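Trainee: sequence unavailable; structure follows:
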């Protein structure tokens, strides 16, 4: 059974930076694409970023492209989301997830089998 445990997050002012981390248990982490999603208050969960199993390809939501960077460390079974130049629209609960796909930058919830517990990111103006 795969378990994803998130860390990081918190509160920052507009223009600030945060890094989210997610550590996976189990032996399959390096065989699957992984991604980040977020859910703002009153809104549906949305895709943020994803990366293929060997980090050969990444995909970003247009609203975060150029500001967020997704990465992974398959030796330590960890994934990261570096978030720069944050603004209030980035306020949400962020979730890491492991896809059933390997070499595709999955961007739909149904393509993911395992999810982290979520972590709050709050950006104030």
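Mentor: Structure's in. What do you need? Bear in mind that the values here come from a model prediction, so they are computed numbers and not experimental data.
Trainee: what residue lies at the spatial centre of the chain?
Mentor: The chain has residue 36 as the residue nearest its centroid, 2.3 Å off, counting by Cα atoms, centre = their mean.
Trainee: contacting residues for it?
Mentor: Going by Cβ atoms under 8 Å, 6 or more residues apart in numbering, residue 36 touches 20, 48, 49, 50, 70, 79, 81, 94, 95, 96, 97. For every residue, glycine as well, the C-beta is placed using N, CA and C.
Trainee: now, those residues that are in strands?
Mentor: Among those, the residues falling in strands (DSSP state E) are 20, 48, 49, 50, 70, 79, 81, 94, 95, 96, 97.
Trainee: just the closest of those residues to residue 124, please.
Mentor: residue 94 (16.5 Å; Cβ to Cβ).
Trainee: and the closest residue in space to that closest one that isn't next to it in sequence, how close does it get to residue 113?
Mentor: Excluding its sequence neighbours, the residue lying closest to residue 94 (Cβ to Cβ, 6 or more residues apart in numbering) is residue 38, at 4.7 Å. Note on residue 38: its distance to residue 113, by Cβ to Cβ, to the nearest Å, is 19 Å.
Trainee: ok, these two, which is more surrounded?
Mentor: residue 38 (23 against 13; other Cβ atoms under 10 Å).
Trainee: quick check: the more buried one touching residue 49?
Mentor: No. Assessed by Cβ atoms under 8 Å, residue 38 is found out of contact with residue 49, at 9.8 Å.
Trainee: for the record, mean pLDDT for stretch 49-66?
Mentor: Averaged over stretch 49-66, pLDDT sits at 98.
Trainee: and it, what's buried?
Mentor: By neighbour count with 16 or more other Cβ atoms under 10 Å, stretch 49-66 contains the buried residues 49, 50, 51, 52, 53, 58, 59, 60, 61, 64.
Trainee: greatest separation within the residues you listed: which pair is it?
Mentor: Once Cβ to Cβ is applied, those give 53 and 64 as the farthest pair, at 21.4 Å.
Trainee: now the strands for the protein?
Mentor: Using DSSP E, strands in the chain cover 4-8, 10-13, 18-24, 34-39, 46-51, 58-60, 68-73, 78-83, 92-99, 112-115, 119-124.
Trainee: cool, thanks, talk later.
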